[in-house]
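1. sequence first, then the predicted structure:
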Amino acid sequence: MMKQTLQRMGMGFCAAATLALAACGGGGGIGGTGSPVGSLRFAITDAPACGYDQVNITIQKVRVHQSGGAADADSGWSEVVLAPEKRVDLLKLTNGVLEELGQTTLPTGKYTQLRLVLAENTSAAPLANSVVPTGGAETALDTPSAAQSGLKLNVDIDVPAGQLADFVIDFDACKSVVPRGSSGRFDLKPVIRVIPRLADAGLRVVGYVAPAIANTATQVSLQLNGTPVKATVPDASGSFVLYPVPVGNYDLVVTATGRATSVLTSVPVTTATVTTVNGTATAINPTVSASRTVTGTVTPTSATVRATQALSGGPTIEAAWAPVDADTGRFAFTLVQAAPGKAAYVPNPATLTFTPAAAAGNYRLEASSGIATQAQAIDVTAPVPPVTFIFP
C-alpha cells in the first residue's frame, strides 16, 4: 500500500519538539538485550480549518528514527502502530481536544526524524483522506503520488531511560488543504509541528470572546514574533482553549468576520498553571468594521501568502493567511478596514479595553517560496489592484 510523505513536497515544517518527561515508575528501564529503554507517546490535535466542515485523515502508524537521514527501509525505526488504523476528523480536535494515538517502548536516546504514515485512498476506501468543503460534498484529499514513506518531520525528541516522552502532533488543517482550480479536487500539503505535553496543569491558555462572534469564522491564536504557534475557534459559549502551548510569552490574536483584530500582548504560558486571560464579563468583543477583498496570484503555486500588521510599539502579527490554488496560483483575502486594537495582558482584568494601534486598513502581504520572501504594502480603505508575486 502506498503511503504518504512530505519528502518531495518542498514544504517547510515547524518542529517545536523539546524534551517532555513524565514519571513512568521503576527507575531506568532495561530492554531484553540489556540496553536501556524508555517510552514514547503521541496524540494529535488541530488548528482551525478555513472553509471546510470536515478534514479527515486515516492514520496507520507513527515512526521515529535517531537519524534524520534514515530511509524507509533502514533498520532502527520504532513505531506506534494503530490497529485498526484510525480515521480522524481533524476539525473535531480544536479547543484543547486531543486524539490519543498510543505509545511504544523503544531504546533511549535522541530521535530526530518522525514520519506520520497515512492510509492510501483506494477503490475500497476512496475517502480514507477527504475534505467536506462548507456547503459542499465530501471529496477525496489527494496526496502526492511519488510519496512512499509517510509525512516526514525533523524533530528533537529525547527518550530517557524508564520515563515517558510525551508529544502532541499539531496539524494545521487550514494551511494543509489546498484547492486545485476548477477541478473540485484538493491537495494535502501538511503543515505540522510537534509540541511537548509536559503536564495537564499548564501549557494552556483559556478565555472568552463575546457570544456575537462565538462561531467557527472566529480564530483565536497565540503568536510568537508574528508566527502563530497554536490556534483554535471558540465554542458556542465563546469559550476558547489553546493547548498544548510551549512555555513562553505570546501575543493572543483574535480575528473575526467584520470585526477589528484584537491583540492581547505578553500572555505568559507556564507548566504549573492555566493562564486565564479573561472571563465572561470581560469577553473580547471587537468593534464592527467594513471589509475589503484583496486578490492576486503567486508563482510558483507551492508558495504561501499571508497578511501581517505592524502595531505601534510592537508586535507584528499575522492577521490572515490565504490558501494558494495549486493549479492557478490564485489567492484571496477578506481584510477588515478598522485599525487593530491592542491591550496588555493582566491577570483577572476588571475591564479589557483595546486601543487602536496601527493605521486603519494598512497591511503587508508577504509571499514565501522556500527561503525567499517578497512583500507588498497595501491599504484596504481603498480598492486594491490584484497583487502579483513571481519567484525566480
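-> Looks like it came in fine. Because the structure is predicted, anything quoted here is derived from the model rather than measured. Numbers count the residues shown, from 1 in each chain.
2. quick one: D251 from Y345, how far?
-> 9 Å (Cβ to Cβ, to the nearest Å). For glycine as for every other residue, the C-beta is placed from the backbone atoms N, C-alpha and C.
3. overlap in contacts, the two.
-> L264, T265, S266, V267 (Cβ atoms under 8 Å, 6 or more residues apart in numbering).
4. can you classify A140 by secondary structure?
-> Look at A140: counting by DSSP: H, G, I helix; E, B strand; the rest coil, its state is strand.
5. oops, could you answer that again for L222 instead?
-> At L222 the chain is in strand, as set by three-state DSSP.
6. quickly list what it is bridged to.
-> K230, L252 (DSSP bridges).
7. so what pLDDT did it get?
-> Here the pLDDT value assigned to L222 is 97.
8. where does the stretch 1-150 of the chain have low pLDDT?
-> 1-34, 49, 144-148 (pLDDT under 70).
9. mind listing the strands for it?
-> 21-23, 29-30, 36-47, 52-65, 78-89, 99-107, 109-118, 130-133, 139-142 (DSSP state E, counting those that start in this stretch).
10. which one, of those, ends up nearest to P356?
-> strand 36-47 (27.5 Å; Cβ to Cβ).
11. the closest one pairs with which strands?
-> As assigned by DSSP bridges, strand 36-47 forms pairs with strand 29-30 (antiparallel), strand 99-107 (antiparallel), strand 163-172 (parallel).
12. which one of the shared contacts of D251 and Y345 is nearest F389?
-> T265 (30.0 Å).
13. reformat the strands paired with strand 36-47 as TSV; add mean neighbour count.
-> Shown next, in TSV, are the strands paired with strand 36-47 (neighbours: other Cβ atoms under 10 Å):
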stretch	mean neighbour count
strand 29-30	15
strand 99-107	17
strand 163-172	23
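14. kindly reformat those as CSV containing distance to V132.
-> Shown next, in CSV, are the strands paired with strand 36-47 (distance: least, Cβ to Cβ, whole Å):
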stretch, distance to V132
strand 29-30, 44
strand 99-107, 18
strand 163-172, 16
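15. wait, which of these is closest to F42?
-> strand 99-107 (4.4 Å).
16. angle of that closest one against strand 109-118?
-> Angle, strand 99-107 to strand 109-118, by axes from the mean of the first three to the mean of the last three Cα atoms, to 10 degrees: 140 degrees.
17. Q113 - how many residues pack around it?
-> 19 (other Cβ atoms under 10 Å).
18. nope, T139 is what I meant
-> So T139, with other Cβ under 10 Å, has 15 neighbours.
19. ditto for V274
-> V274: 15 neighbours (other Cβ under 10 Å).
20. can you check T134 too?
-> If we define neighbours as other Cβ under 10 Å, then T134 has 12 of them.
21. then the one 3 residues further on?
-> By the measure other Cβ under 10 Å, the count of residues near A137 is 9.
22. and if you look at T293?
-> 11.
23. and it, bridged to which residues?
-> T334.
24. all helices of the stretch 101-250 of the chain, in order?
-> 173-176 (DSSP state H, counting those that start in this stretch).
25. which parts of stretch 364-374 are buried?
-> L365, E366, A367, S368, S369, Q374 (16 or more other Cβ atoms under 10 Å).
26. and what of stretch 225-236?
-> So for stretch 225-236, counting by 16+ other Cβ under 10 Å, buried means G226, P228, V229, K230, A231, T232, V233, P234, D235.
27. circling back to that earlier point, select, out of the strands of the stretch 1-150 of the chain, the one closest to T273.
-> T273 lies closest, by Cβ to Cβ, to one member of the strands of the stretch 1-150 of the chain: strand 21-23, at 17.5 Å.
28. lovely, talk soon.
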